[in-house]
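Trainee: Fold the stuff below for me.
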Amino acid sequence: MLLSYEPISNVMKAYLAVKFHEDCRNKALIESVSEALHKAGITTTVMVRDHEKWGEVNFSPSELMSLTFDIINKSDMLIVEFSEKGVGLGIEVGYAHSKGIPVIVIAKENPEISNTLKGIAKEVIFYETPKELTEKILHLSK
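Mentor: This next block holds a predicted model:
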């Protein structure tokens, strides 16, 4: 539960891991999830939004992973939007877990979540709307 984890400051900082498509077809999902988390008191860093500027900035693979790991290290938690699977998500989740950073799994469409991911997640939250996500995240902190 989030209750057992003390934030570094008044606002929780989360690295939001999400599969991104080069054609930006899930940009609205990323923005709506980020807004829902913001309403629950969680600020997010999203690699593609904040550093890659929706595909305008390119990093070499090693630069990308180095920056990603640095951001995860500075986060209070990693939230993975797992409505769609991706290899990079597994790398980010595994890294956070290995560093003792809590992992929260959120998903829209009840995808199959592996037992390994369930085994390292502090919480698994299914939601239909951004408002429902905000409410469920707020409920965790009570």
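Trainee: export the lowest-mean-pLDDT helix or strand in the chain as CSV, just CAs?
Mentor: Here the helix or strand of the chain ranked lowest by mean pLDDT, DSSP states H and E is helix 130-140, holding a mean of 92. Output in CSV follows, covering the C-alpha atoms of helix 130-140 (Å, rounded to 0.1, in the frame of the first residue of the first chain):
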residue,chain,number,x,y,z
PRO,A,130,-9.5,9.3,-15.7
LYS,A,131,-11.9,10.3,-12.9
GLU,A,132,-12.1,6.8,-11.7
LEU,A,133,-8.3,6.5,-11.8
THR,A,134,-8.0,9.6,-9.6
GLU,A,135,-10.5,8.3,-7.1
LYS,A,136,-8.8,4.9,-6.9
ILE,A,137,-5.4,6.5,-6.4
LEU,A,138,-6.8,8.8,-3.7
HIS,A,139,-8.4,5.8,-2.0
LEU,A,140,-5.0,4.2,-1.7
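Trainee: residues of that helix that come out buried?
Mentor: Neighbour counts over helix 130-140 (16 or more other Cβ atoms under 10 Å) mark 130, 133-134, 136-137 as buried. The C-beta positions use only the backbone N, C-alpha and C, and glycine is treated the same way.
Trainee: Excluding chain neighbours, give the residue nearest to Ile42 in space.
Mentor: Met12 (4.6 Å; Cβ to Cβ, 6 or more residues apart in numbering).
Trainee: Might one say that that neighbour is in contact with Thr44?
Mentor: No: contact criterion Cβ atoms under 8 Å: Met12 and Thr44 do not qualify, at 9.6 Å.
Trainee: before we move on, the earlier item: show me which of the buried residues of helix 130-140 is closest to Glu31.
Mentor: Nearest to Glu31 among these: Pro130, at 9.4 Å, using Cβ to Cβ.
Trainee: shouldn't the closest one be in contact with Val33?
Mentor: Yes: using Cβ under 8 Å, Pro130 is in contact with Val33, at 6.9 Å.
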